[in-house]
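Chemist: Need the 3D shape of this:
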Amino acid sequence: MSKIDEKKEYIGLLKTYLAIIVAFILAVGAGVSKLYISENINILFWIGLCLLFLSSSLFILIAKKAHNEVESLRDIKE
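Modeler: Have a look, this model is predicted:
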């Protein structure tokens with residue numbers, strides 16, 4: 001497998017990870033918002049907020065990594 005194909009596969013994996021993280025953010029966000037609307041602010045609400053913050057940070061890190069990998073494709077010549 002050539003170097004450019006390996007990079008493309010890696011970028012594809014990063015995109016898959018981003019999709020999973022987005023699904024997780026949506027699911028946890030729905031749960032946190034439901035707890036907030038029902039005024040049931042308990043430990044699950046705070047854990048959900050922490051998970052939202054952590055997963056959002058992870059999303060940003062992976063998105064930056066994917067962007068850097070796409071930029072590095074310009075330097076590879078077959």
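Chemist: how about stretch 58-71: buried residues?
Modeler: For stretch 58-71, the neighbour count (16 or more other Cβ atoms under 10 Å) marks 59, 62, 66 as buried. Bear in mind the C-beta positions are built from the backbone N, C-alpha and C, glycine included.
Chemist: Which members of these occur in helices, if any?
Modeler: Under the assignment DSSP state H, the buried residues of stretch 58-71 contribute 59, 62, 66 to helices.
Chemist: For the residues you listed, please prepare JSON lines with the additional fields distance to residue 16 and pLDDT.
Modeler: Listed next are these as JSON lines, based on distance: Cβ to Cβ, whole Å; pLDDT from 0 to 100:
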{"residue": "59", "distance to residue 16": "13", "pLDDT": "96"}
{"residue": "62", "distance to residue 16": "10", "pLDDT": "94"}
{"residue": "66", "distance to residue 16": "11", "pLDDT": "90"}
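Chemist: Show me which of those is closest to residue 17.
Modeler: Checking those against residue 17 by Cβ to Cβ gives residue 62 as the nearest, at 5.6 Å.
Chemist: Could you point out which of the buried residues of stretch 58-71 is nearest to residue 3?
Modeler: Closest to residue 3 out of the buried residues of stretch 58-71 is residue 66 (17.3 Å), distances taken as Cβ to Cβ.
Chemist: so what's the closest residue to that closest one other than its chain neighbours up against?
Modeler: Nearest residue to residue 66, sequence neighbours excluded (Cβ to Cβ, 6 or more residues apart in numbering): residue 14, at 4.2 Å. The contact partners of residue 14, by Cβ atoms under 8 Å, 6 or more residues apart in numbering, come to 62, 65-66, 69.
Chemist: Residue 14: which element?
Modeler: Secondary structure assignment for residue 14, by DSSP states H and E: helix 3-37.
Chemist: Just the residues contacting stretch 23-30, thanks.
Modeler: Here stretch 23-30 makes contact (Cβ under 8 Å, 6+ apart) with 48, 51-52, 55-56, 59.
Chemist: Generate a ChimeraX selection restricted to the buried entries among the residues you listed.
Modeler: In ChimeraX syntax, the buried subset of the contacts of stretch 23-30 is picked out as below (16+ other Cβ under 10 Å):
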select :48,51,52,55,59
